[in-house]
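Colleague: following is a predicted model, sequence given first.
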Amino acid sequence: MSLTITSPVTGGAQTGLTTPTYTIVTDTAPTNTGKQYAVSALGGTQAGVDTSSSPSRPFTITGSRPAVLRQAPAVNQVTGLISGSVPNNVYTVQVRKGVTVVSGQTPRLMSIKCEIAIPAGADTADAANVRAALSLFIGSLNQISASLGDTCVTGVI
């Protein structure tokens, strides 16, 4: 898997965080079709934020691919159309972070998961549009990082 994250990671803009950076180290992914990194140190001003300090308080990012990559189905020789449904290859990126719900209580797990479902065959027949969709998605998240954080904390969209 060519997913490689370079340390340190420059974080997106967020209200209350000043120039956030995250030093990451290679971690063990939950499956053999993934790669995982754990946050080992913080940079910038991030009052109250902690690193991946224990199994109950993780701060990790995991990327994974399908265990079995699917192929585009065959084209019907008579009709020239695809017979049946087209399977998806599903890739995921997930961040896990232990968070405090009530002071003095055990942490709970917060999870952010992005699932990318690409119809089998589009990776070769339409790679440019697959990349364009990802570009828009990632660029939009970068652009709305602070406002998405504000919405998640205040409930106002």
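Modeller: Perfect, thanks for sending it.

Colleague: from here on, just use CA atoms for contacts and neighbour counts.
Modeller: Noted.

Colleague: secondary structure class for Gln94?
Modeller: Under DSSP: H, G, I helix; E, B strand; the rest coil, Gln94 falls in the strand class.

Colleague: report the central residue of the protein.
Modeller: For the chain, the residue nearest the mean C-alpha position is Val93 (2.7 Å; Cα atoms, centre = their mean).

Colleague: contacting residues around that residue?
Modeller: Residues near Val93 by Cα atoms under 8 Å, 6 or more residues apart in numbering: Ile61, Thr62, Gly63, Ser64, Lys113, Cys114, Glu115.

Colleague: which of those residues are buried?
Modeller: The neighbour count (16 or more other Cα atoms under 10 Å) marks Ile61, Thr62, Gly63, Ser64 as buried among the contacts of Val93.

Colleague: can you tell me the helix or strand for the second one?
Modeller: Per DSSP states H and E, Thr62 falls inside strand 59-64.

Colleague: tell me the contacts of Thr51?
Modeller: Taking Cα under 8 Å, 6+ apart, one finds Val39, Ser40, Ala41, Leu42, Pro58, Phe59 in contact with Thr51.

Colleague: list the contacts for the fifth one?
Modeller: Okay, so that is Pro58. With contact set as Cα under 8 Å, 6+ apart, Pro58 has these partners: Ala38, Thr51, Ser52, Arg96, Lys97, Gly98, Leu109.
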